[in-house]
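[1] Below is the sequence, then the predicted model.
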There are 2 protein chains.
Amino acid sequence: MKFSCLKSELVQVLQIAGRSIASKPQTPILSGIYLHADQDILEVQATDYEIGVILHLKAEVEHPGEIVVSGKYFYDVVRTLPDEEVVIEYDRSTEIVKICSGKSTFTLLSMKAVDFPKIHQMKEGKSFTVSSVVLKELIRRTIFSCATEESKPLFMGALLEVEGQKVRMVATNSHRLSFDEGKIENELEGICQYVIPKRILEEIQHILSSEIPENVEITCTHSEMSFNMERIYMTTRLIEGNYPEYRRAVPPEFSKRITLSTSAFLSAVSRVGLIARSSAYNTIKLMFNMGEVHIYSDNPVVGKAEETMRAEIEGDDIGIAFNASYLIDVLKILNSESFILELNDSLKPALIREPDNEDFLYVITPVRTKN
Amino acid sequence: MKFSCLKSELVQVLQIAGRSIASKPQTPILSGIYLHADQDILEVQATDYEIGVILHLKAEVEHPGEIVVSGKYFYDVVRTLPDEEVVIEYDRSTEIVKICSGKSTFTLLSMKAVDFPKIHQMKEGKSFTVSSVVLKELIRRTIFSCATEESKPLFMGALLEVEGQKVRMVATNSHRLSFDEGKIENELEGICQYVIPKRILEEIQHILSSEIPENVEITCTHSEMSFNMERIYMTTRLIEGNYPEYRRAVPPEFSKRITLSTSAFLSAVSRVGLIARSSAYNTIKLMFNMGEVHIYSDNPVVGKAEETMRAEIEGDDIGIAFNASYLIDVLKILNSESFILELNDSLKPALIREPDNEDFLYVITPVRTKN
């Protein structure tokens, strides 16, 4: 194998591929990056068995071939090369990869391409297309609600539900639930549900961070899902099991409806939450009456915090307590200047939503307090 | 006690004071910040017994007094307050500190001021004045050579030596040594030596990071040193023991003299060092001949790296090996476009210096290699 390519393009590709290599690989071959040069294209692959990525870049290929090199060292070496042109050559007799650029020459030991668990593009399964703008927003508005405890594997992923032209994402840790809805570019028959690991959703969010919209083609079977983006193809295993019926978590009606300024409430809750932070439940209390909300927290070993702000209250006075982080998390992702908090009583789940948008819902369970 | 002050000024002061609080305080009182309000000045103190800091800021003092509050919570609360005006009040009967700003009210538990190990400005000892520009440069050019192993307590500090109008700083870990010299603003009789903990030198460097030069008054006894800066007073315990005669580490003469471009050599050594990094001694080899230096490294489990660059060589051909980090560290702090490397043979200490500056010296011991 021998090819040359541009350093800057190779660095970009290796940066993305490197994020799919496990920090502690199960077997040595998984610490490697698979390179395949053929027909003026270099294909780069990386996987940790759970997620996998395929990337392509233009290359001048003199001799086609495939090899695996240490992902970490190959990236570190390429990143620091002095020239923009990089020549990479594999010597079959010594099993060594030579990397030349300017007056620098590196040789890296290689691994066998046949040992690498190659990723194949999915040929079967249901397919639909979604705009990167919609997909990024679905991810941003929900995945923070995923569980972090390994005891709830199903909740460590987010539910992707496709029905007709609609696509929905749901995430919960059983104390709070985020729901967001968007449209796909085509239409699917029936209703499909998939539970996607949080990690790949974070990767997709990272990759789609550019402002230029593109279409993402998603293909799924019961155990696997792929994301076909402009220059990147990613696959992931899906989490097995039946996701609970999330609609049951949304109360059908509320007796109280409060409208609050998003940014002012976020600042106030963040401040008052400082004092609650180190206590067991990170609890802050809200008391709504007389057109105002009193926000307070109390931590016997630190002190107290108290703040007041205007609130538009429809319904009776009420006091309720929440985990401060669960409030802060959702306030950070709201798009509207004001938001609506709907309540029944101090022990029943509450709902947070935007005034003119029915696509997004956040259900939050209150904390039971003594006084 | 009751006073008001500006939030932004208080935040700045607490940020600096917070860096002198130990992350794991020996006693609860050391997690506190001492506040003393009197005569339109708020004095703030923090200490971890090793280093201590005193800061002042303008305040409108209604009732003078002194208290101690949790450094961490006080800083976090003040930092997030909504308004620029902050009113702080201590209630002696409840032993609670009230912090008000805008519509926010915080109360923090307090600790007793009498329990705080107050820092007193040093009245005795030798004193000299040095420009912040000189002091910062002495620190920057030497402290990276300090030892990190706790087994060499004396080498975990840097030597400050004052003689007449000259001030010198020396740091070593016994494998490499940095020496830099500057001038003080006055003149001292005799020769004085102090071993200063690396940590306070890093603090001083951080504090003096602004571009505006100022004079720093340094006062020292055999066990203590203080730095009197414009708005900050810092004290530190000194490291006890006799610092070795560093002049003996500098070879009196050399048989070879090589001139190299600083930035080109730094880039080359950084690249070649990538391969050496994970081996036991992080060794890179240099071979000087025919107006060139060949830089190479070899790591049996990773691969090899090789690079060539121009070198002005006076003396016979020579091969020598160094710890790559020890070279990179010094190349980063050189001020000159080219530098001089002086050698005797492959096993004897080498010297690195700038062409037109006799104030700075770096001695580095080679690594013994098999081939």
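    Arrived safely.
[2] Mind jotting down where the helices sit in the stretch 151-300 of chain A?
    Assigned helices in the stretch 151-300 of chain A, in chain order: A:198-207, A:262-276 (criterion: DSSP state H, counting those that start in this stretch).
[3] contacting residues around A:Ile318?
    Taking Cβ atoms under 8 Å, 6 or more residues apart in numbering or on different chains as the definition of contact, the neighbours of A:Ile318 are A:Lys256, A:Met287, A:Phe288, A:Leu343, A:Asp345, A:Ser346. (Each C-beta comes from the backbone N, C-alpha and C, glycine too.)
[4] So A:Ile275 sits against A:Ala305, correct?
    Yes. Applying Cβ atoms under 8 Å, one finds A:Ile275 in contact with A:Ala305, separated by 4.2 Å.
[5] Overlap of the contact sets of these two?
    Contact criterion Cβ under 8 Å, 6+ apart; residues bridging A:Ile275 and A:Ala305 by contacting each: A:Ser297, B:Val77, B:Phe106.
[6] May I ask which of those has the most neighbours?
    Greatest neighbour count in the shared contacts of A:Ile275 and A:Ala305, by other Cβ atoms under 10 Å in any protein chain shown, goes to B:Phe106: 28 neighbours.
[7] Distance check, that residue against chain A.
    For B:Phe106, the distance to chain A (Cβ to the nearest Cβ, to the nearest Å) stands at 5 Å.
[8] Return the distance of A:Ile88 relative to B:Arg271.
    In this view, A:Ile88 and B:Arg271 are 16 Å apart by Cβ to Cβ, to the nearest Å.
[9] Over to A:Ile352?
    Between A:Ile352 and B:Arg271 the distance, using Cβ to Cβ, works out to 52 Å.
[10] Please apply the same query to A:Thr262.
    Distance from A:Thr262 to B:Arg271, counting by Cβ to Cβ: 49 Å.
[11] So those two - more neighbours on which side?
    The neighbour comparison of A:Thr262 against B:Arg271 (other Cβ under 10 Å) goes to B:Arg271, with 25 against 17.
[12] My read is that that one contacts A:Thr80, right?
    Yes. Using Cβ under 8 Å as the test, B:Arg271 is close enough to A:Thr80 to be in contact (4.7 Å).
[13] Point out the residues in the stretch 1-150 of chain A that sit beside chain B.
    If contacts are counted using Cβ under 8 Å from any Cβ of the partner chain, the residues of the stretch 1-150 of chain A sitting beside chain B are A:70, A:73, A:76-77, A:80-82, A:96-97, A:103-109.
[14] Mind listing what's buried along the helix or strand where A:Ala17 lies?
    Assessed by DSSP states H and E, A:Ala17 sits inside helix A:7-18. Burial within helix A:7-18, assessed by neighbour count using 16 or more other Cβ atoms under 10 Å in any protein chain shown, is assigned to A:Lys7, A:Leu10, A:Val13, A:Leu14, A:Ile16, A:Ala17, A:Gly18.
[15] of all the residues you listed, which comes closest to chain B?
    For these, the minimum distance to chain B (Cβ to the nearest Cβ) is 12.5 Å, reached by A:Lys7.
[16] in the stretch 1-150 of chain A, what residue is nearest chain B?
    For the stretch 1-150 of chain A, the residue closest to chain B is A:Leu108, as judged by Cβ to the nearest Cβ, at 3.9 Å.
[17] Let me see the domain layout of chain A.
    Domain assignment for chain A, taken from automatic domain parsing, gives A:2-115, A:126-248, A:256-364.
[18] residue boundaries of the strands in the stretch 101-250 of chain A?
    Listed from the start of the chain, the stretch 101-250 of chain A has strands (DSSP state E, counting those that start in this stretch) covering A:104-111, A:126-131, A:157-172, A:176-197, A:215-220, A:224-228, A:232-237.
[19] thinking again about what came up before, the helix holding A:Ala17 relative to strand A:232-237, how many degrees between them?
    10 degrees (axes from the mean of the first three to the mean of the last three Cα atoms, to 10 degrees).
[20] helix or strand right after helix A:7-18?
    Elements were assigned by DSSP H and E; along the chain past helix A:7-18, the next helix or strand is strand A:32-38.
[21] Show me what that next one pairs with in its sheet, parallel or antiparallel.
    According to DSSP bridges, the neighbouring strands of strand A:32-38, each with its direction, are strand A:41-47 (antiparallel), strand A:65-70 (antiparallel).
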